[in-house]
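>>> generate coordinates for the sequence data below:
(one chain, ligands or ions: 1)
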Amino acid sequence: MQLRDARLPDTYEPLIRDALNARGYSLDEPARLADAVMKLSNFYLENPSAQTPWDETWAQVASLVYFFPLNYSRNALVARECARLGFFEGLSQGVDDGAGMGSGVHAFRDFLMSLQTGGLSEASSWLARDISQPALKLLNELSLQKVKTEVVTGSLRAKGAHSLLIASYVFTELKDIPREWLEYEALIIIEPSTKSDARRLQSERPKLIAAGFELWAPCPHQQDCPLLVSDRDWCHDRVHFEQPKWFTEIEKHLPIKNKTLAFSYLAARKQQSPVQGLARLVGDTLDEKGKSRQALCRSSEREFLAWFPQRFKTKAHLEMSRGSLVKLASDLEKKQQEVRLKEPTQVEELATDQKI
Ligand SMILES: C[S@@+](CC[C@H](N)C(=O)[O-])C[C@H]1O[C@@H](n2cnc3c(N)ncnc32)[C@H](O)[C@@H]1O
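From the prediction side, this is the model:
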């Protein structure tokens, strides 16, 4: 396993196979499946805020073999990141709103069940909600342990003090954050990594704070977002995707390659965040004329971690992932926007399962 990677567990393969067979498709016809994927991809590209056309078989098929494994992996990384912060402690009910085929609820539930601690590790603690009945049917075809489902009809009930709401790739289909989401104790919103979606999501931070939330991830602070200052920047994360073999076969027929998956997210709770004195890497390493730089977030100030690899006495190669939390030495030199490292030992990259 790499430091920040995720995959769809093999237990899903027979479920996906059966769901495809029930729709007149087979997992052994990668070219035909790729056609369905292209059709839904083009639909999303041409209608960025339109709702998923769940009544169409090709949309269900594309979701099963493509968007489900991708969004499952993104959700799995966020679940892991939140768990190491203790985010799920005290929560006993989980709602996946706009659950679709269940990428969110399945990834969170599988991960929390594997930890076997806390209320959310019970299969029965979860509710999946969507406006589409066919989507929720598909969700339970992908589930060995049935998930309670609810078709959203308009008036949404507010949830109690111990409830978590997750919304994966849903806000992008909505005009605004539903008022009801703000009544939860904990909120995790995952969105596409595009500049407009990511900036739109980060722009909601003040609204969440005003509703009583503290931001737990990716933001290691409660100040303004430093990446909203310049309109060239936007906060997004990335996970290495370990593809199932059948996925690789489908991808051979697609113009898009998914070695890594980008996304943006916010995790917030109505409790104090334990993340104090840490920074998050919010960019990739940029190498320029003997100097390396990587965008860093720890306050409202736009900053970069910077180092000159040739000047390290140890000659160690420093490579850190976008999205990682890091602990910095307290006596680092600051030059304009740059926080300078003299030696690689002045920064410690914390693994995604390392408890905070
Ligand atoms: C792009 S899909 C994402 C599905 C899944 N959460 C995922 O991450 O793969 C967006 C889902 O939101 C649902 N949706 C759209 N508007 C909604 C609303 N007002 N309430 C609940 N669900 C909604 C759509 O039917 C669709 O299933």
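>>> can you tell me the closest non-neighbouring residue to residue 32?
residue 25 (6.7 Å; CB to CB, 6 or more residues apart in numbering). Heads up, the C-betas are built off the backbone N, CA and C, glycines and all.
>>> residues near residue 141, how many?
18 (other CB atoms under 10 Å).
>>> and this protein, which residues reach the ligand?
Contact residues (CB under 6 Å from any ligand atom) of the chain with the ligand: 51-52, 67, 71, 97-100, 103-104, 129-132, 135, 152, 168-170, 173-174.
>>> now with 8 Å?
44, 51-52, 54, 63, 67-68, 71-72, 74-75, 96-104, 129-132, 135, 152, 156, 167-170, 172-174, 178, 190 (CB under 8 Å from any ligand atom).
>>> just checking, which of those residues belong to strands?
Within those, residues falling in strands by DSSP state E are 96-97, 129-130, 167-168, 190.
>>> please list the members of the residues of the chain next to the ligand that lie in helices.
44, 68, 71-72, 74-75, 103-104, 135 (DSSP state H).
>>> can you lay out those residues as JSON lines showing neighbour count?
Shown next, in JSON lines, are those (neighbours: other CB atoms under 10 Å):
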{"residue": "44", "neighbour count": "17"}
{"residue": "68", "neighbour count": "24"}
{"residue": "71", "neighbour count": "24"}
{"residue": "72", "neighbour count": "26"}
{"residue": "74", "neighbour count": "29"}
{"residue": "75", "neighbour count": "29"}
{"residue": "103", "neighbour count": "28"}
{"residue": "104", "neighbour count": "32"}
{"residue": "135", "neighbour count": "24"}
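>>> any idea which of those residues is least confident?
Within the set of these, pLDDT is lowest for residue 44 (91).
>>> low-confidence stretches in the stretch 101-250 of the chain?
154-158 (pLDDT under 70).
>>> please enumerate the helices of it.
Taking DSSP state H, counting those that start in this stretch, the helices of the stretch 101-250 of the chain run over residues 103-115, 133-141, 195-202, 205-210, 245-251.
>>> got TSV for those, with distance to residue 275 too?
Converted to TSV, the helices of the stretch 101-250 of the chain look like this (distance: least, CB to CB, whole Å):
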stretch	distance to residue 275
helix 103-115	20
helix 133-141	32
helix 195-202	17
helix 205-210	15
helix 245-251	34
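>>> these: which one's closest to residue 339?
With distances scored as CB to CB, the stretch of those nearest to residue 339 is helix 195-202 (21.5 Å).
>>> show me what that closest one is packed against.
The contact analysis (3 or more CB pairs under 8 Å, 6 or more residues apart in numbering; DSSP states H and E) places helix 195-202 against strand 186-191, strand 260-269.
>>> try it again with 6 Å
strand 260-269 (3 or more CB pairs under 6 Å, 6 or more residues apart in numbering; DSSP states H and E).
>>> rewinding a little: so the residue nearest to residue 32 makes contact with residue 61?
Yes: at 5.2 Å, residue 25 counts as touching residue 61 under the criterion of CB atoms under 6 Å.
>>> neighbour count: these two, which is higher?
Each of residue 25 and residue 61 has its neighbours counted (other CB under 10 Å); residue 61 has more, 24 against 20.
>>> that one should be in a helix, yeah?
Yes: counting by DSSP: H, G, I helix; E, B strand; the rest coil, residue 61 is located in a helix.
>>> show me the contacts for it.
Taking CB atoms under 6 Å, 6 or more residues apart in numbering, we find residue 61 in contact with 23, 25, 36.
>>> can you redo those as JSON lines with distance to residue 120, pLDDT and secondary structure?
Putting the contacts of residue 61 into JSON lines (distance: CB to CB, whole Å; pLDDT from 0 to 100; DSSP: H, G, I helix; E, B strand; the rest coil) gives the following:
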{"residue": "23", "distance to residue 120": "31", "pLDDT": "98", "secondary structure": "coil"}
{"residue": "25", "distance to residue 120": "33", "pLDDT": "98", "secondary structure": "coil"}
{"residue": "36", "distance to residue 120": "33", "pLDDT": "98", "secondary structure": "helix"}
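>>> looking at the residues you listed, which is nearest the ligand?
Comparing the contacts of residue 61 against the ligand with CB to the nearest ligand atom places residue 36 closest, at 15.4 Å.
>>> residue 63 is in contact with that closest one, correct?
No: the pair residue 36 and residue 63 does not pass the contact test of CB under 6 Å, sitting 9.1 Å apart.
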